[in-house]
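Asks: Just the structure for this:
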Amino acid sequence: MPTPKLREGLGSQRNQHARSLLVALDGRRVGDMFVEDRLEAFLASPARHRCLLLVDSDPVQLDLVAGQLTVQRAWERISMGRDLSSALMAVSSTARPRTAVQWVRRRLDPPGSTPRICSDIDILFEPSLELDPLMLLRQSTQINGIVAMWPGSYGDDVLVYATPQHAHYRTWRRPGVGVLVLSEAG
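Replies: Residues are numbered from 1 along each chain as shown. Prediction:
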């Protein structure tokens, strides 16, 4: 069940979909597979392949789901936007791409810990960082695994970030990671 703080944010009509997602996280179906079943399969997979993207077109829904998983699983949640941007402010613009890669790898996969929940990943798509966000997430899962909140969509084996009108819109055919679409529109 959602925590009292999380429950407060679920009261509005606008968040009706978020309530259904959180109920789904408690064992009901989302798409073709139980979320819990998918998480268990993720945990049982070899560590080198433990990158699961939870995909939805609504960042608010992704934030709510990340919060619920943080509470249910007691996994650390890393806000890429907040944490990585703070780390990048201290370095020159020319050093930022290299610093970003090092920071992500160090932060997402330290030895001896549980999988990480990776949220607010939009910063990884910043053109000046010259990153391939999907490849970076995939390569940062050597030890523990990552559950990343992916704002976009997935269908016909194509992973999409953002919408075609968005300046940072990108697509990947056959992403090579686990993907779970949280909503029909996602």
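
Asks: now the helix ranked longest in the chain: mean pLDDT?
Replies: Longest helix of the chain, by residue count under DSSP state H: helix 59-73. Throughout helix 59-73, pLDDT has a mean value of 90.

Asks: That one packs against which elements?
Replies: With contacts defined as 3 or more Cβ pairs under 8 Å, 6 or more residues apart in numbering; DSSP states H and E, helix 59-73 has these neighbours: helix 4-8, helix 16-25, strand 51-56, strand 77-79, strand 116-119, strand 146-155. For the C-beta atoms, the positions are set from N, CA and C on the backbone; glycine is no exception.

Asks: weakest of the ones you listed in terms of mean pLDDT?
Replies: When I compare those, helix 4-8 is least confident, with a mean of 37.

Asks: Stretch 168-178 - what's its average pLDDT?
Replies: 93.

Asks: I would like the residues contacting that stretch, please.
Replies: Stretch 168-178 is contacted by residues 38, 41-42, 45, 49, 51-53, 122, 125-127, 133-134, 137-138, 154, 157-163 when judged by Cβ atoms under 8 Å, 6 or more residues apart in numbering.

Asks: re the thing from before, just the angle for the longest helix of the chain relative to strand 146-155, thanks.
Replies: Taking axes from the mean of the first three to the mean of the last three Cα atoms, to 10 degrees, one finds helix 59-73 and strand 146-155 inclined to each other by 140 degrees.

Asks: in helix 59-73, what's buried?
Replies: By 16 or more other Cβ atoms under 10 Å, the buried positions in helix 59-73 come out as 61-73.

Asks: Next: stretch 75-91.
Replies: W75, E76, R77, I78, S79, M80, L84, A87, L88.

Asks: My guess is the last one contacts R98. True?
Replies: To tie it back to what came earlier, the one meant is L88. No. L88 lies out of contact with R98 (Cβ atoms under 8 Å); the separation is 10.7 Å.
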